[in-house]
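Engineer: give me a 3D structure for the following:
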Amino acid sequence: MLETELRPGTTCDAVPGPGEAGRTEAGVLPTALGQMLALIGWVGGGRQLTTTGQLLRADARELVDLLETGGNETGSRSAAPLRGVQVLLAWAHIADLVATDGPRLRPGPAAGRLREDPAALQDALFAAVSRFEDSRCGWQSVRLHLEGPADFSAGLPALWRRLDAGPLTEDEAARTVWDELTARHQLEERQPAGLTSWKVVVARDVVRALGLYEAVGAVRIEDGRIAVTGYGRSRALPGTRDDAAAGPHGPGEAFVHWP
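Structural biologist: Down below sits the predicted model:
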């Protein structure tokens, strides 16, 4: 269940939704940029959290509407819209757009600067994807059964090189990352019986990472084909994780408890 509210969240000036917040003279910015601009505005000077560091119930529901994470989900029992809020908050945390200070959610050290510079915001979100995925991916559980395997993000540069050569299907993208991560290991003989296939685990991780890259405008996914965009082609993928920058909430740690 969601945490019980301690008191209503603090108020701030109304902010536009993602579609309005993400517009420039050049057109509509990628989805994630509009959502992050709206989130920064919503946080304002700070928002009260529960004693366990979770969003208040009313604030979580407000963010579902503001950030438009509901999609086609209906009904108060659906957890998917709240998970969307969690993803955006954790991603923003790693990109230094938000931070926690005891029982408060406050602007991160980069929030003011990046709010005024959409191009720099896009770069910051792009750079944060690999660290975010390292913190939440299923591959981390696979690593427990191996000796000295790389972080999940170590497989992403190989994926980017393949995409630079031409579009891929999801299966081809997943296979590229799997081959890169397992090149030095004989995994078929080491997977414990009864667990979800490790290949399936990595495939899910790849799909989630590509979803973030699409949201930040680095790839385009159409008709089952994944293609790198002009913006994505100009970016280099960071492949290391910086746990020291995690702050009070670890990367990807929930700000919301799900029903």
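
Engineer: where does the residue nearest the centre of the chain fall, helix, sheet strand or coil?
Structural biologist: Centrality entry for the chain: nearest residue to the mean C-alpha point is W91, 4.4 Å, by Cα atoms, centre = their mean. When classified by DSSP: H, G, I helix; E, B strand; the rest coil, W91 comes out as helix.

Engineer: could you do P109 as well?
Structural biologist: Under three-state DSSP, P109 comes out as coil.

Engineer: could you do T51 as well?
Structural biologist: Per three-state DSSP, T51 ends up coil.

Engineer: surely it meets P103?
Structural biologist: Yes - using Cβ atoms under 8 Å, T51 is in contact with P103, at 5.9 Å. Quick note: C-beta positions are derived from backbone N, CA and C, even for glycine.

Engineer: more neighbours, these two?
Structural biologist: Taking neighbours as other Cβ atoms under 10 Å, T51 and P103 compare with P103 leading, 14 against 10.

Engineer: re the thing from before, thought the residue nearest to the centre of the chain was touching A128?
Structural biologist: Yes - the pair W91 / A128 is scored as a contact, 6.1 Å apart, by Cβ under 8 Å.

Engineer: how near is T169 to W139?
Structural biologist: 20 Å (Cβ to Cβ, to the nearest Å).

Engineer: next: P157.
Structural biologist: 15 Å.

Engineer: more neighbours: these two, which one.
Structural biologist: W139 (25 against 16).

Engineer: which residue is the nearest non-sequential neighbour of the more buried one?
Structural biologist: In space, and not counting its chain neighbours, W139 is closest to F152: 4.2 Å by Cβ to Cβ, 6 or more residues apart in numbering.

Engineer: state the number of residues packed around that neighbour.
Structural biologist: 26.

Engineer: identify the residues contacting it.
Structural biologist: E133, D134, C137, W139, Q140, V177, L181, V202, D205, A209 (Cβ atoms under 8 Å, 6 or more residues apart in numbering).

Engineer: pLDDT wise, what is it at?
Structural biologist: We have a pLDDT of 93 for F152.

Engineer: look up how far D134 lies from it.
Structural biologist: Distance from F152 to D134, by Cβ to Cβ: 5 Å.

Engineer: that concludes my questions; thank you for your assistance.
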